[in-house]
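for reference, the sequence and a predicted model appear below.
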Amino acid sequence: MTTEERINLFTRELSYISDSNLKEFAKAILKDADEYFFTVPASSTGKYHPDFARGNGGLVRHTKAVVYFTNEITRSEMEFKLLDRHTADLLLVAALAHDIKKQGDGIEGHTVKEHPTLAAKFIKKLWFDKEGNFNISGNDIDYIYEVIESHMGPWQEPKPETRNQLIVYYADYIASRKEIVGLSFIDNNDNVEQTPIEEPVADSLMTVDGYVFTFGQTRGMTIKESYETNPGYIKWMANKEGFGNVEVQNLVKEFLNKR
């Protein structure tokens, strides 16, 4: 993947960053990232992430989701009154880089437990080696470092100690919930083919009458029951461009066409 292609994958996410110096630093992070970052799933097993973060390019899509949620939190009515724009930009850079070393140096081929510290050290070394290229203070780099290093929350040391560190932790936590489906923003400028891994479903159940939803607002219902409960949701699913589960979407379309 070329440098330009790497940057283009995150056009939307980079646009959230107001400070031009921090935006250039974020681009440098993407340029220097290991190649695997752009191809691997968000986790080795898929156990702790939703379908959109699984399969080829899953880590990219997970990262885009974390940056999106970080941006939403920092711009919310409550947080925006407390956070200055520069601090919000620092959090966005941290969100972009939080999993940049998810598989360490890439030799392991799986998630490494110490990836938060490795990612934090990665951004500090990048700044130190190329300090003359960025008009960013050491204090800002330390701030990003501490946010990245603590993003695993209660599951790993160090834990988030400040309200602002918790913002990226919560954004990562929300983006990792398995119930999340149909996030349109993750593929708006994402050229990585989405190949989510679905739980096996018996062929006999993959029919308009037999299929029972295992996700979303009508989990546990048939398509007919779901339509009677929430017709708007079923219509949205049928018409949603880029919906993650094509087989289910086709069943929904078939159901609506028969009505």
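Noted; the coordinates are in hand.

can you tell me which residues contact Thr87?
With CB atoms under 8 Å, 6 or more residues apart in numbering as the criterion, the residues that contact Thr87 are 143, 164. The way it works is simple: take the backbone N, C-alpha and C, and place the C-beta from them, glycine included.

what residues of the host helix or strand of it count as buried?
When secondary structure is defined using DSSP states H and E, the element that contains Thr87 is helix 85-97. For helix 85-97, the neighbour count (16 or more other CB atoms under 10 Å) marks 88-97 as buried.

ditto for stretch 143-156
The neighbour-count check on stretch 143-156 (16+ other CB under 10 Å) flags 143-152 as buried.

centre of the chain versus that stretch, how much separation?
Taking the mean C-alpha point of stretch 143-156 and that of its whole chain, the gap between them comes to 16 Å (CA atoms, centre = their mean, to the nearest Å).

which residues in the stretch 101-250 of the chain form helices?
Counting by DSSP state H, counting those that start in this stretch, the stretch 101-250 of the chain has these helices, from start to end: 115-129, 138-149, 163-175, 223-229, 231-239, 246-258.

okay if I get these as a markdown table plus distance to Glu35 and mean pLDDT?
Compiled in a markdown table, the helices of the stretch 101-250 of the chain are given as follows (distance: least, CB to CB, whole Å; pLDDT from 0 to 100):
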| stretch | distance to Glu35 | mean pLDDT |
| --- | --- | --- |
| helix 115-129 | 14 | 93 |
| helix 138-149 | 20 | 95 |
| helix 163-175 | 23 | 91 |
| helix 223-229 | 41 | 91 |
| helix 231-239 | 35 | 90 |
| helix 246-258 | 28 | 89 |
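
in JSON lines: these, plus distance to Arg54.
Conversion of the helices of the stretch 101-250 of the chain to JSON lines gives the following (distance: least, CB to CB, whole Å):
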{"stretch": "helix 115-129", "distance to Arg54": "18"}
{"stretch": "helix 138-149", "distance to Arg54": "23"}
{"stretch": "helix 163-175", "distance to Arg54": "13"}
{"stretch": "helix 223-229", "distance to Arg54": "24"}
{"stretch": "helix 231-239", "distance to Arg54": "19"}
{"stretch": "helix 246-258", "distance to Arg54": "15"}
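
so which of these is nearest Thr74?
With respect to Thr74, and counting by CB to CB, the nearest of these is helix 163-175 at 6.6 Å.

angle of that closest one against helix 85-97?
Interaxial angle of helix 163-175 relative to helix 85-97 (axes from the mean of the first three to the mean of the last three CA atoms, to 10 degrees): 40 degrees.

now the residue most central in space within the chain: how far from Ile180?
Central residue of the chain (CA atoms, centre = their mean): His62, 2.1 Å from the mean position. Shown here: His62 relative to Ile180, a distance of 10 Å by CB to CB, to the nearest Å.

I appreciate the help and will end here.
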